[in-house]
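>>> build me a model from this:
(2 chains)
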Amino acid sequence: MAEYKLELKGVCKSFPGVKALDGVNLSVRPGSVHALMGENGAGKSTLMKCLFGIYKMDEGEIYIDGQKVEIRDPDDAMAKGIAMVHQELQPVLARSVGENMYLGRFPVKKIGPLQVIDHKTMYSETSRWLSELGLDYDPKALLSSLSIGQMQMVEIAKAVSHEAKVIIFDEPTSSLSDKEVDFLFKVMNDLRDRGVAMIYISHKMDEIKRISDDITIMRDGTYVGTWSADELTTDQIIAKMVGRELTNIYPEHKHEIGDVIMEVEGLTSIHEKSFRDVSFTLRRGEILGFGGLVGAQRTELMEGIFGIRHLAAGKIRINGKEVSIKHPSDAMDAGLGMITEDRRGNGIVGCLSIKDNVGISVYNKYLKSGFVLDHPAINKVVNDSIDMLSIKTPSMQELIQNLSGGNQQKVIVARWLANNPDILIMDEPTRGIDVGAKHEIYEIMERLAQQGKAIIMISSEMPELLGMADRVCVMCSGRLTGEIHDKADMTQEKVMAYATQF
Amino acid sequence: MQKTQSQKIRDFLINNGVIIVMIVLVIYTGMTSKNFFTVNNFLNLFANMSYRLVIALGIAGCVITGGCDLSGGRMIGLGACIAGTLLQKIDYAGKFFPGMNPLPPLVALLVAMLICACFGAVTGWFIAYLSVPPFISTLAMMEIVYGLNMIYTNSTPLGGYTTAYTNFSTGKFLGLSWLIWIALLVAAITWFIFNMTRHGKYMYAIGGNVQAAEVAGVPVKKTLVIIYAKASAFFALAGFMIGAKAGGASVNTGLSYEMEAIAACALGGVSVTGGRGKVSSAFIGVAVLELLKVALQFLGMNANAQFIAIGIVIFIAISLDIRKYVAKK
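Numbering: from 1, shown residues only, chains lettered A, B, ... in the order given. Sure thing, here's the model as predicted:
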């Protein structure tokens, strides 16, 4: 038997105007978890898409069990025993778990001359695979009734049911709670024992250290090297990813905390299972962190404050005056800004330029004779923010969808800075962006705090939460369960204790 | 990485496919039939394009927000009939309002546009505030408007228009019919709205990503209502123009013109999935369709077969055009 289950050699792939992969190698041993790491834009996803037959590579070879193979399309990849758990889930929400698992390969039976779907087999097979992974979902339940984490598990069950020998996990944990991550790792350990080769893409260092056997690092489309996981420290991994040593990614806290700017009292959602009776205060120049597990309703609470969701009860006072916020535009008038968690879902407008993406929320402030857009003034604002936030783009006319995740996020930051809010809500501000851009976002936050702006930051990454926040509020199941004032008191254990009260 | 010469040429051909097809067709027709390149032929062509452009510009707003407006054709009919009933000669035998002095044409136009805009606003209200999909909402309004128009006119065709009204078609300014000037004016106003006002920017943002637009503080609902009201006002104007040109109107005036307008928008590059499209897109689309019709006539193609040709051109042109936006793999 060959030493490696899967080998990629010298993979090259170009897109018009950019060489995305340049001679990348990847060798995965059977029964191992192989972490594939690199900043955003390093080419990890492109490489996986080449392997899975979604992209056609320009050069390079693929070997499975030492045999050279060619992979034409995803069907072909699956036939050769490769399965992929995508970062962006693509479930058919309105159909059942079983149908999702067997989509495109429904078991059939013959009734006379007709071929019909054999529902009985499909559901019994689904139950079998689910129980194999220790999952107790009803195969007939609609996918929409599951949580994101559960959907992810269904996706994994699907990969396992293909009897795949190679499974690619593309950032599977980005929307999972810690408990769900533990469960995922348990499943992955089982698969490892069964000899499955797994490729694991993630930005979360602690997970990499926990689960992986080998690590391959990529940078700017090139192959940096492969190491055994216990050879490298987290700092070394980061250094190899960015090509420089990053000493401290959190900027020094120099901002001063001032008077109370916002008071929230007894905020309750119209939905029973969402946030209820949440009260907190926010001061000028303060970075207030919101911790909690996924599903703790932090995002919903912030969206409630910002007028995206409806409130059943509660008061919001800004500068001592009660405000009524029914729509994001009301929130903006009250001096609020909000960077949402789901950048692609409700952050960027992909098919518009950087200029329009910034301008959209300030066009009503730059008008001549009351209704004609003042393009020169807007251009200046946009160009200034491109410079100030060092957004990497050829021009402000570039479509935002052509930028990397980190630069897109900076454009969204620019949108809100153009509004000059007193209070900026940042929901997972660094989700899915690379280490370098993260650092820049942190510096922007520090700078805003120094200017006396108040920042609310939701973060599910514990180091970020503890590293950036002056004070941490923790939520659990829609309720505020704790508040940690003292920097010395801010520990992972303490946050977790509050986050798991119910 | 530099693009090679052949890649650049290919990109150019794909990006400008529709216009190239149009130019080739025009040159070919011009060379094979000697009466094609005449002033009269083109003046006639422009007159036919004029009201179609107004319709396309109205519907473009809906399409850019990711919607459509199926009530367009019936709204044109209503606009044409309202204007028609107010603009019949006082001594015309079959006059709709016997004894009523005909209004000045611009006043009648304004009345028709206002009434249709109200109906459009209702459609937009259902779309924006009750989340009825545009396809269904405008379909419902299509039925309502048609019924109202039949009741209003008793399904009787209208005629006997004042010369002040028909002059919009026959009268000329600087050698061009007033219909053409109206279309140019509407194009200029629409360009201004799309590019120089908040409303235009909001429209693109809604079409690109409605959730993001909402979070960014865009008054999504209000914008949608305005877009559908504006579209209907444009349809009424188009109805007015068609009435002037034909010298009459009936409840079936404008029937299915909205489909042609949607096709023209798509041909010209207004993305039917929303977020993209310019005034020039609508213009190019209308021009391609009209030139195609005239060219095929000149080439002596069977009138029925022309529909087939138009269908094929839409298939090919959109397939080429969509390549610009579909991610390359």
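>>> check contacts around the residue nearest to A:G258 when sequence neighbours are not counted.
Using CB to CB, 6 or more residues apart in numbering or on different chains and skipping residues adjacent in sequence, the residue nearest A:G258 is A:R284, 3.6 Å away. No exception for glycine: its C-beta is placed from N, CA and C like everyone else's. Under the criterion of CB atoms under 8 Å, 6 or more residues apart in numbering or on different chains, the neighbours of A:R284 are A:I257, A:G258, A:D259, A:V260, A:I261, A:D422, A:G452, A:K453, A:A454.
>>> can you list the residues of chain A near chain B?
A:14-19, A:54-56, A:306, A:308, A:327-329, A:331-332, A:338, A:340, A:345-352, A:356, A:359-361, A:363-364, A:367, A:371-373, A:375, A:415 (CB under 8 Å from any CB of the partner chain).
>>> in strands, which of the residues you listed fall?
Among these, DSSP state E puts A:S14, A:F15, A:V18, A:K19, A:M338, A:L367, A:V372, A:L373 in strands.
>>> my read: the fifth one touches A:G304, true?
This means A:M338. No: counting by CB atoms under 8 Å, A:M338 sits too far from A:G304 to count as a contact (11.1 Å).
>>> what ranges does chain B have for its helices?
B:5-15, B:17-32, B:39-64, B:72-86, B:105-129, B:134-153, B:163-170, B:178-196, B:198-208, B:210-215, B:220-246, B:257-268, B:279-298, B:303-322 (DSSP state H).
>>> tell me where the stretch 351-500 of chain A has helices.
A:354-359, A:375-388, A:405-419, A:435-450, A:462-468, A:492-499 (DSSP state H, counting those that start in this stretch).
>>> looking at those, which is buried most?
Sort the helices of the stretch 351-500 of chain A by mean neighbour count, taking mean count of other CB atoms under 10 Å in any protein chain shown, and helix A:354-359 sits at the top with a mean of 26.
>>> export it as PDB, just CAs?
Provided in PDB are the C-alpha atoms of helix A:354-359 (Å, rounded to 0.1, in the frame of the first residue of the first chain):
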ATOM      1  CA  ILE A 354     -16.600  50.100  -3.400                       C
ATOM      2  CA  LYS A 355     -17.800  53.700  -3.800                       C
ATOM      3  CA  ASP A 356     -21.500  52.700  -3.800                       C
ATOM      4  CA  ASN A 357     -21.000  50.200  -1.000                       C
ATOM      5  CA  VAL A 358     -19.600  53.000   1.200                       C
ATOM      6  CA  GLY A 359     -21.900  55.700  -0.200                       C
END
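>>> and it, what other elements does it pack with?
Helix A:354-359 sits against helix A:375-388, helix A:405-419, helix B:198-208, with contacts defined as 3 or more CB pairs under 8 Å, 6 or more residues apart in numbering or on different chains; DSSP states H and E.
>>> and for A:R276, nearest residue in space, chain neighbours not counted?
Leaving aside its chain neighbours, A:R276 sits nearest to A:T268 (4.5 Å; criterion: CB to CB, 6+ apart).
>>> what sits against the residue in the stretch 51-200 of chain B that chain A sits nearest to?
Scanning the stretch 51-200 of chain B for proximity to chain A using CB to the nearest CB identifies B:R198 as nearest, at 4.5 Å. By CB under 8 Å, 6+ apart, the contact set of B:R198 is A:Y363, A:N364, A:L367, A:F371, A:L373.
>>> neighbour-wise, which one of these leads?
Neighbour tally across those (other CB atoms under 10 Å in any protein chain shown): the maximum, 23 neighbours, falls on A:Y363.
>>> quick one: A:A35 from B:L130, how far?
Going from A:A35 to B:L130 by CB to CB, to the nearest Å gives 49 Å.
>>> quick check: residues of the stretch 151-300 of chain B near chain A?
Of all the residues in the stretch 151-300 of chain B, those lying near chain A are B:195-198, B:201-202, B:204-205, B:207-209, B:211-219, B:271, B:275-276, going by CB under 8 Å from any CB.
>>> tell me the buried residues in stretch B:190-210?
Neighbour counts over stretch B:190-210 (16 or more other CB atoms under 10 Å in any protein chain shown) mark B:190-191, B:193-194, B:196-210 as buried.
>>> what stretches of chain A score poorly on pLDDT?
Across chain A, the ranges flagged by pLDDT under 70 are A:1, A:16-18, A:40-41, A:87-89, A:174-175, A:244-248, A:502.
>>> how is it divided into domains?
A:6-242, A:255-335+A:422-502, A:344-420 (automatic domain parsing).
>>> neighbour-wise, which of A:A35 and B:L130 wins?
Neighbours per residue (other CB under 10 Å) separate A:A35 from B:L130, with A:A35 holding more: 25 against 8.
>>> tell me if the more buried one really is in a strand.
Yes: when DSSP: H, G, I helix; E, B strand; the rest coil is applied, A:A35 is found to be in a strand.
>>> what's the residue nearest to it when sequence neighbours are not counted in contact with, if anything?
Distance criterion CB to CB, 6+ apart; nearest residue to A:A35, sequence neighbours excluded, is A:S212 at 3.8 Å. Residues in contact with A:S212, defined by CB under 8 Å, 6+ apart, are A:V33, A:H34, A:A35, A:Y200, A:A229.
>>> gap between A:S212 and chain B?
29 Å (CB to the nearest CB, to the nearest Å).
>>> please apply the same query to A:V108.
According to CB to the nearest CB, A:V108 stands 30 Å off from chain B.
>>> for that residue, what are phi and psi?
phi -120, psi 160 (degrees, to the nearest 10).
>>> follow-up on the earlier one: quick one: which of the domains of chain A is nearest B:F42?
Closest to B:F42 of the domains of chain A is domain A:344-420 (CB to CB; 34.5 Å).
>>> the closest one: how far from the chain's middle?
Here the centre of domain A:344-420 is set off from its chain's centre by 22 Å, with CA atoms, centre = their mean, to the nearest Å.
>>> what do you get for stretch A:223-233?
Taking mean C-alpha positions (CA atoms, centre = their mean), stretch A:223-233 and its chain are 24 Å apart.
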